[in-house]
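Participant: Structure of the sequence below:
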Amino acid sequence: MDYISSKNIFYLMRDTLKLIDARVMSHGSRVAYIVYKMMKCKGGMEDFEMADQAMIATFHDIGVYKTDDPGDMLRYEAKEYIPHSVYSYLFLKYLSPFERESRALLYHHMDYIRLGKLDADIRDLAAYINIAEKMDIYHNAMGSKFDYMMFHKYSGNKFSKEGLELFYQVVKEEDILTKLKEGTYKAELDELFENLIFPNEDKRKLIQMLMYCIGFSSENYAVGSNECACICVELGKKFMLTEEEQDILYYAALLHDIGMLTVPKEMINAPRKLTEEEMKFLRGHVKKTESLLRGRMKDEIVNLAISHHERSDGTGYPMHTTGEQQSRSQRILQVADKVSSMSLEWSFRPARSKKEITDHISQKAARNKLNTQVTNTMITFYDAIMGKAQAQVAESMSMYKKLNDDYKQISMQFTK
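Facilitator: The predicted structure follows:
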């Protein structure tokens, strides 16, 4: 897949999650840097291996986004660490290429002395993340009063003795605490992530994982994006798009609403019509989507993704392009986005029926809002296209159910 590089997939994931709460990813980046320096000090790993481990460390708290207050680090790290540890583990296990390594996230709050049954590399990663995040949290909280030797009395028990010694060494030799405080560590991390190498299958999986990240804000937008992507591909086949054009359409549709993460949940779930000011803010999600994707994915994907609210008569946004200025793929995405949105149940209205949806898009086409040819094709093959799209939706919902069911079961085991 030449549509995005391995390092840009990582940056896209990290910066997307920053839209929900930047503090979690900032903490994750600092932890990743500490873990990287500890691993490099120990030796024996190639750069691409350390890059993978640093990426996992960056997302070690991804489960925090399921909590009520992602920014309350002291609470979710010191007191209520089981929920986010379990969800972080499951999220990476099922949705990323790091199924095996994800076990480190499940145990990264556990006392080192209890990790003996884990494979050595997973045990070390869990132990290093545990040390790194404790050091980062207390370093930030205590400032100049922070003593990095404060946990030494727990060496070999709560914390890995080897891990603590590695941390002490990199503090003394490389002054990493100053780099963390001043932010100069970021250049070293960026250099490390140049070594990320994902095969095409893993890239596709990570981009799909991004779709599930949208679900932290609203599961409807994640499910809807998946359904929209399926509708786009099926319509693309009807119009004889090439395989490459179908791929571009698929990824654009999957990520077209990623900017919705900037919209507060209260606004998304408001059981009423939004005010004009709220609608203006909501429309800004397209520009935010562009700022996330531009320069990271191929321009063809970005230009397509940000066109989903354009209309044939030029009244759409944000570019106000007309039908003559739009590609066939853009016209397909506009119809697919409208259909997928109407097919879902929202807090402010129920899901629409087939007749309601087809009547609506037919009226939009008659008023030159949607492309007539694409609309008529959607209506003609509605049952077949939506049958496949609904199967895709069912698969997404099944994954959410599996995540939630496993989360409850594993959490119960940890709290016994």
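
Participant: Quick one: name whatever helix or strand follows the helix or strand bottoming out on mean pLDDT in the chain.
Facilitator: Sorting the helices and strands of the chain by mean pLDDT, DSSP states H and E puts helix 73-74 at the bottom, at a mean of 58. Next in sequence after helix 73-74, counting helices and strands by DSSP states H and E, comes helix 81-95.

Participant: any idea how far that following helix is from the chain center?
Facilitator: Averaging C-alpha positions (Cα atoms, centre = their mean, to the nearest Å) puts helix 81-95 13 Å from its chain's average.

Participant: buried stuff in it?
Facilitator: For helix 81-95, burial by neighbour count (16 or more other Cβ atoms under 10 Å) applies to 81-93, 95. All C-beta atoms are positioned from the backbone trio N, CA, C, and that covers glycine.

Participant: Which of these sits closest to Gly44?
Facilitator: For the buried residues of helix 81-95, the residue nearest Gly44 by Cβ to Cβ is Leu92; the value is 23.6 Å.

Participant: about what we covered before: so which of the buried residues of helix 81-95 sits lowest on pLDDT?
Facilitator: Ranked by pLDDT, the buried residues of helix 81-95 bottom out at Tyr81, which has 75.

Participant: what's the spacing between that residue and His60?
Facilitator: According to Cβ to Cβ, to the nearest Å, Tyr81 and His60 sit 11 Å apart.

Participant: Tabulate the CA atom coordinates of the helix or strand harbouring Cys232 in PDB.
Facilitator: Assigned by DSSP H and E, Cys232 belongs to helix 219-238. Presented in PDB, the C-alpha positions along helix 219-238 are these (Å, rounded to 0.1, in the frame of the first residue of the first chain):
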ATOM      1  CA  GLU A 219     -19.800   4.400  18.000                       C
ATOM      2  CA  ASN A 220     -22.300   5.600  15.300                       C
ATOM      3  CA  TYR A 221     -19.600   7.500  13.500                       C
ATOM      4  CA  ALA A 222     -17.300   4.500  13.500                       C
ATOM      5  CA  VAL A 223     -20.000   2.100  12.400                       C
ATOM      6  CA  GLY A 224     -21.300   4.700   9.800                       C
ATOM      7  CA  SER A 225     -17.800   5.100   8.400                       C
ATOM      8  CA  ASN A 226     -17.500   1.400   7.900                       C
ATOM      9  CA  GLU A 227     -20.900   1.200   6.300                       C
ATOM     10  CA  CYS A 228     -20.200   4.200   4.100                       C
ATOM     11  CA  ALA A 229     -16.900   2.600   2.900                       C
ATOM     12  CA  CYS A 230     -18.700  -0.600   1.900                       C
ATOM     13  CA  ILE A 231     -21.400   1.300   0.000                       C
ATOM     14  CA  CYS A 232     -18.700   3.300  -1.800                       C
ATOM     15  CA  VAL A 233     -16.900   0.100  -2.900                       C
ATOM     16  CA  GLU A 234     -20.100  -1.500  -4.100                       C
ATOM     17  CA  LEU A 235     -21.100   1.600  -6.000                       C
ATOM     18  CA  GLY A 236     -17.600   1.900  -7.400                       C
ATOM     19  CA  LYS A 237     -18.000  -1.600  -8.900                       C
ATOM     20  CA  LYS A 238     -21.200  -0.600 -10.600                       C
END
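
Participant: ok, then the element right after that helix?
Facilitator: On the C-terminal side of helix 219-238, the closest following helix or strand by DSSP H and E is helix 243-255.

Participant: Can you check what angle separates that following helix from helix 219-238?
Facilitator: Here helix 243-255 runs at an angle of 160 degrees relative to helix 219-238 (axes from the mean of the first three to the mean of the last three Cα atoms, to 10 degrees).

Participant: May I see the buried residues of helix 243-255?
Facilitator: Residues 245-255 are the ones in helix 243-255 that count as buried (16+ other Cβ under 10 Å).
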